[in-house]
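[1] mind looking at a prediction? Sequence and model below.
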There are 2 protein chains.
Amino acid sequence: MRLIVQKYGGTSVADPDRIRHVARRVSKAYNDGHNVVVILSAMAGVTDNLIDLAGQAAQSPDLRELDVLLATGEQTTAALLAMTLRDMNYPARSMLGHQAQVVTDRDFGNAHILEIGTQAIENLLTQRNIVVVAGFQGTDSQGNITTLGRGGSDTSAVAIAAALKADVCEIYTDVDGVYTADPNICGKARKIKTISYDEMLNMASLGAKVLQIRSVGFAKKYKIPVHVRSSFNEEEGTMVVSENSGMESVMVSAVTHDKNQAWITLNKVPDQPGIAAKIFTPLADRGIVVDMIIQNTHTNGQTDLTFTVPENEYDMALEIEKRVAREIGADDIFGKKEIAKVSVIGVGMKNHSGVAATMFAALAAENINISMISTSEIRISCVVDEKYTELAVRILHTAFGLDAE
Amino acid sequence: MRLIVQKYGGTSVADPDRIRHVARRVSKAYNDGHNVVVILSAMAGVTDNLIDLAGQAAQSPDLRELDVLLATGEQTTAALLAMTLRDMNYPARSMLGHQAQVVTDRDFGNAHILEIGTQAIENLLTQRNIVVVAGFQGTDSQGNITTLGRGGSDTSAVAIAAALKADVCEIYTDVDGVYTADPNICGKARKIKTISYDEMLNMASLGAKVLQIRSVGFAKKYKIPVHVRSSFNEEEGTMVVSENSGMESVMVSAVTHDKNQAWITLNKVPDQPGIAAKIFTPLADRGIVVDMIIQNTHTNGQTDLTFTVPENEYDMALEIEKRVAREIGADDIFGKKEIAKVSVIGVGMKNHSGVAATMFAALAAENINISMISTSEIRISCVVDEKYTELAVRILHTAFGLDAE
């Protein structure tokens, strides 16, 4: 007997028919003799509708009350799945965040899990119940309802799996698993059988579509194997595991791209101590995340500084930096939205030299100009003109031997 | 400073606009210096939609899970009103059933309140918060979500008012108050300024439209003045109070009618001990409530037995009694759906003789035949042909001096 945590996303529980489909899937694992804990998202679209409703009620909805409102979405699906299972004569029981003792901090709308009291769930499992937990929600130490932010049900699932020391956390979604590249732009992309937590963490742009990145950090910390798979077929998906779990040793595992990028350049900035803080603090204050930063030092004590921000925050960022440029006496400021970040990712590259060289050569061979480069231990990212995105992904996919036969 | 509990029904919180209207009403009481606790129903139609959804998920929805589902309705309106008030800069705070410590038994779908821990609400009131409580819901001693049955928010409101020793419990609804008769059939009906708990309890058919009867029992027990009034205007409504609260001493306060009635007659039943149990136990087992019972004893040791049941349960009741009739050797069984019960109600009749005589004479003057009669201390009910219902109400309204000038 294994302890399996299964999480189903919004499209998998979008209506009573799909919920019945989920119930059959859950009952199959139960009939195989396993203990099963199910974590559910709200029905697809429901959370957006509730946010819309809150927007009609209040110009600036109070965050505590917004969480009370949003928590109804997962409460609804948890109750519906539990009653569907019971109607099929399975001993199912729903639990809300506070009943499952998912204790969080009080950062309403973006709460972090502090601890999970497992006693209540374990008691039910001991009596061979199927436990259905409303995802995305928790309670602070005072009993206020909190929610974990977008995609928070993934985090609920992994955290509960960790607390229960589950054998596996299965994330059921509307895609088959994690691919070597976006299949929509790279016809030769393959489904990845096994990927490490670190690679998954580096695949935000590709991976976030199937698994909330925060949940991966949780899985890594507690070494919970995560199985990302489709709720619409029986295929094996992608296992996200520790690096040393007998993974195939490839240099590069995947090629990702992110078009939601823009860059801003400040020209001839006086190269003084504290100048970076003056440039970046105002952005941080507005919650704008700066990704890549490049600095070219001139000989005359001036420097050119270029950085990237999410494209949808470009206008606000440029506005802020125009003011900063005047204050610090920069010569000029300009930027560009039509750019994309293309990355190759792989734990294998730690032990292989030449990955960067292969990447640059492959792009150069197609005359794709690289305007920025950043690297981490297991990732190399290049900024290119947005119009070259698809071409760049395909040639890198081929260059690193990822193409399906 | 008074402590006011206000309850708003489903039509009063049907959309964000109406919720804003409620918020203004609540803030007015708050600005007048009062402490305010608000109890809310779900938006009109939402509970029915959720029951429908449950019916799609399960043939016979598990009652525990159904309560988890239904509780989202009041959770939604409580969060929306609290955020609307906060958006207007009032310090509002929503509380769900378990947060407000509304402890009930475990009769899911029809739970009864056992106790209410007032500490949490009182702490918030002390800090001059407006407390918004989700009505209709509670928690059992194990932390399971329970609901109080149809119209349960009225009971929530009165029970919380009682626990907090509130000065008044205001029930805001879509009618102006309690009338001397149904204004739709009696043009001369007047709004009653003050009515006793006992009269209200006897006015189920008329009163239940504005106030759940169970809540009246609660109000009577704890002597909570209940003010039934419209949320759509500023008019005073009807005060439901103790009998001795300086009420106008009228003989009859109201005339009610109930068309949801049918009768069944068992002819020539052997008049033996235990025969009544054989007739009525099978009905009770199916949850069918028998209202009036008449027995005419024949000289030859046989008896005719007639009783009324709700019209919508007539077919089931007749089916059951046909079997019973065979078993006990009754001569015949028949019944009729096209009947109505017309009642006059008034605490004043306790001290006045002649009320029954006046009633019978008034009906006889119009040739309305009375087929059954039942009386309580403060009520006389007659069963008449359904087609005479409106006429009977109007002539009794006139006969007891209730007509508006």
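    Done, it's in. Quick caveat: nothing in here was measured; it's all calculated off a predicted structure.
[2] tell me where chain A has helices.
    Assigned by DSSP state H, the helices in chain A fall at A:16-31, A:46-57, A:63-87, A:119-126, A:152-164, A:197-202, A:204-207, A:213-222, A:275-285, A:314-328, A:355-365, A:389-399.
[3] who are the contact partners of the residue lying closest to A:Thr139 once chain neighbours are set aside?
    In space, and not counting its chain neighbours, A:Thr139 is closest to A:His98: 3.9 Å by CB to CB, 6 or more residues apart in numbering or on different chains. C-beta: built from backbone N, CA, C; applies to glycine. Taking CB atoms under 8 Å, 6 or more residues apart in numbering or on different chains as the criterion, A:His98 is in contact with A:138-139, A:143, A:145, B:98.
[4] restricted to strands, list these.
    Mapping the contacts of A:His98 onto strands (DSSP state E) picks out A:138-139, A:145.
[5] what about A:Ala29, how many neighbours?
    By other CB atoms under 10 Å in any protein chain shown, 17 other residues sit near A:Ala29.
[6] next one, pLDDT for the closest residue to it other than its chain neighbours please.
    Leaving aside its chain neighbours, A:Ala29 sits nearest to A:Val36 (5.0 Å; criterion: CB to CB, 6+ apart). On pLDDT, A:Val36 comes in at 98.
[7] returning to that earlier point: among the ones in strands among the contacts of A:His98, find me the one that's closest to chain B.
    Within the ones in strands among the contacts of A:His98, proximity to chain B (CB to the nearest CB) peaks at A:Ile145, which comes in at 7.7 Å.
[8] okay, now the closest one: neighbour count?
    Neighbour tally, A:Ile145, other CB under 10 Å: 29.
[9] please name the bridge partners of it.
    Assessed by DSSP bridges, A:Ile145 has beta-bridge partners A:Thr139.
[10] chain B contacts on the stretch 101-250 of chain A?
    A:143, A:145 (CB under 8 Å from any CB of the partner chain).
[11] wait, A:Lys337 touches A:Asn260, no?
    No. Contact criterion CB atoms under 8 Å: A:Lys337 and A:Asn260 do not qualify, at 9.9 Å.
[12] give me the common contacts of those two.
    The contact sets of A:Lys337 and A:Asn260 overlap at A:Glu311 (CB under 8 Å, 6+ apart).
[13] picking that back up, and the contacts of A:His98 as a markdown table, adding pLDDT and distance to A:Ile275?
    Listed next are those as a markdown table, based on pLDDT from 0 to 100; distance: CB to CB, whole Å:
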| residue | pLDDT | distance to A:Ile275 |
| --- | --- | --- |
| A:Gly138 | 98 | 42 |
| A:Thr139 | 98 | 45 |
| A:Gly143 | 96 | 47 |
| A:Ile145 | 98 | 44 |
| B:His98 | 97 | 54 |
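[14] who touches A:Ile192 in this structure?
    Here A:Ile192 is in contact with A:177-180, A:238, A:253-254 (criterion: CB under 8 Å, 6+ apart).
[15] that older thread, dump the helices of chain A to a markdown table, plus distance to B:Met359.
    Formatted as a markdown table, these follow (distance: least, CB to CB, whole Å):
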| stretch | distance to B:Met359 |
| --- | --- |
| helix A:16-31 | 53 |
| helix A:46-57 | 51 |
| helix A:63-87 | 50 |
| helix A:119-126 | 60 |
| helix A:152-164 | 64 |
| helix A:197-202 | 81 |
| helix A:204-207 | 79 |
| helix A:213-222 | 72 |
| helix A:275-285 | 79 |
| helix A:314-328 | 77 |
| helix A:355-365 | 98 |
| helix A:389-399 | 87 |
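[16] compare those and say which comes out lowest on pLDDT.
    helix A:204-207 (a mean of 63).
[17] tell me the one among the contacts of A:Ile192 nearest to chain B.
    For these, the nearest to chain B is A:Gly177 (28.8 Å; CB to the nearest CB).
[18] and A:Ala284, how many neighbours does it have?
    A:Ala284 has 11 neighbours, counted by other CB under 10 Å.
[19] please report the distance of the residue nearest to it when sequence neighbours are not counted from A:Val216.
    Closest residue to A:Ala284 in three dimensions, ignoring its sequence neighbours and counting by CB to CB, 6+ apart: A:Val290, at 7.9 Å. A:Val290 sits 22 Å away from A:Val216, going by CB to CB, to the nearest Å.
[20] name the residue in the two with the higher neighbour count.
    The neighbour comparison of A:Val290 against A:Val216 (other CB under 10 Å) goes to A:Val216, with 27 against 16.
[21] kindly list the longest strand within chain A.
    Every strand in chain A considered (DSSP E), the longest is strand A:254-270.
[22] quick check: buried residues in it?
    The neighbour-count check on strand A:254-270 (16 or more other CB atoms under 10 Å in any protein chain shown) flags A:254-258, A:261-269 as buried.
[23] do stretch A:120-137 as well
    Buried residues in stretch A:120-137, counted by 16+ other CB under 10 Å: A:120-121, A:124-125, A:129-137.
[24] same check on stretch A:164-176?
    Applying a neighbour-count criterion of 16+ other CB under 10 Å, the buried positions in stretch A:164-176 are A:164, A:166, A:168-173, A:175-176.
[25] end to end, how far does that stretch reach?
    One end of stretch A:164-176 sits 26 Å from the other (CA to CA, to the nearest Å).
[26] and if you look at stretch A:114-134?
    Its first and final residues considered, stretch A:114-134 spans 17 Å by CA to CA.
[27] contacts for that stretch, please.
    By CB under 8 Å, 6+ apart, stretch A:114-134 touches A:3, A:26-27, A:30, A:35-40, A:71, A:74-75, A:77-78, A:81-82, A:85, A:90-97, A:99-105, A:156, A:159-160, A:162-164.
[28] what subset of those is buried?
    Using 16+ other CB under 10 Å as the threshold, A:3, A:26-27, A:30, A:35-40, A:71, A:74-75, A:77-78, A:81-82, A:85, A:90, A:92-97, A:99-104, A:156, A:159-160, A:162-164 are the buried ones among the contacts of stretch A:114-134.
[29] what number of residues lie near A:Ala362?
    18.
[30] now do the contacts for it.
    With CB under 8 Å, 6+ apart, A:Ala362 has these contacts: A:395-396, A:398-399.
[31] A:Val393 is in contact with A:Asp403, correct?
    No. Contact between A:Asp403 and A:Val393 fails when scored by CB under 8 Å: they sit 11.7 Å apart.
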